[in-house]
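J.: I would like to see how this sequence folds:
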Amino acid sequence: MSKATERKKRQNKYSLVILIILFAIWFLFFKKEQATTTTDKKVVRKERIDKREKAFRHNRIYYTKHAKCRMNCRNIDESEVKEILDDGEINYAKSELKNKPCPKYALEGTTHDGQKIRIIVGDCDSQASIITVIDLKTDYECECD
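T.: Below you'll find the model as predicted:
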């Protein structure tokens, strides 16, 4: 075999090896990208569920006259309401999710000063409407309309 033929065979082998390596890199990258896309879809789907369950967590909060009166009577301030809006758990048994025009959520949690409270919040368009605030441990005598 001549040197030119041997050189050509070697070049063909190297070309084939390089082609296989490039294909392997492309294949691994493509599979990884596909896996990431699938994972991202699951995360997006979970975020949509979370957003639906936390839809009442708006930047704008409206307090009804009744809620303000109950808060005053029960020594609950707006910072405590915000705590429960941010971190409270939904009590589905006390919620009215099919209420029109605004679904009502019952959120429960413990405030920074140890009060265990329930907030009834209406999920209305662009704001959370605080309907009432209840102290779950102490029964206060309030004179609210």
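
J.: now stretch 67-85 - C-alpha only, CSV.
T.: The C-alpha trace of stretch 67-85 is given here as CSV (Å, rounded to 0.1, in the frame of the first residue of the first chain):
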residue,chain,number,x,y,z
ALA,A,67,-63.4,44.1,58.2
LYS,A,68,-61.9,47.3,59.7
CYS,A,69,-64.4,47.2,62.6
ARG,A,70,-63.6,43.5,63.3
MET,A,71,-59.8,44.2,63.1
ASN,A,72,-60.1,47.1,65.5
CYS,A,73,-62.2,45.1,67.9
ARG,A,74,-59.9,42.1,67.8
ASN,A,75,-56.6,44.0,67.9
ILE,A,76,-55.5,42.9,64.4
ASP,A,77,-53.6,45.4,62.3
GLU,A,78,-52.9,45.5,58.5
SER,A,79,-49.4,44.1,58.9
GLU,A,80,-50.9,40.9,60.4
VAL,A,81,-53.5,40.7,57.6
LYS,A,82,-50.7,41.0,55.1
GLU,A,83,-48.8,38.2,56.9
ILE,A,84,-51.7,35.8,56.5
LEU,A,85,-52.3,36.9,52.9
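
J.: domain assignment for this structure?
T.: 1-53, 61-135 (automatic domain parsing).

J.: in this protein, which spans are strands?
T.: According to DSSP state E, the chain carries its strands in the segments 61-63, 89-90, 104-110, 116-124, 127-135.

J.: now, of the domains of the chain, which is deepest in the fold?
T.: Greatest average neighbour count among these goes to domain 61-135 (a mean of 17), per mean count of other CB atoms under 10 Å. In this view, the C-beta of every residue, glycine as well, is placed from N, C-alpha and C.

J.: first-to-last residue distance for that domain?
T.: End-to-end distance for domain 61-135, by CA to CA, to the nearest Å: 20 Å.

J.: ditto for stretch 75-92
T.: End-to-end distance (CA to CA), stretch 75-92: 25 Å.

J.: how far away from the center of its chain is that stretch?
T.: On the basis of CA atoms, centre = their mean, to the nearest Å, stretch 75-92 sits 16 Å off its chain's mean C-alpha point.
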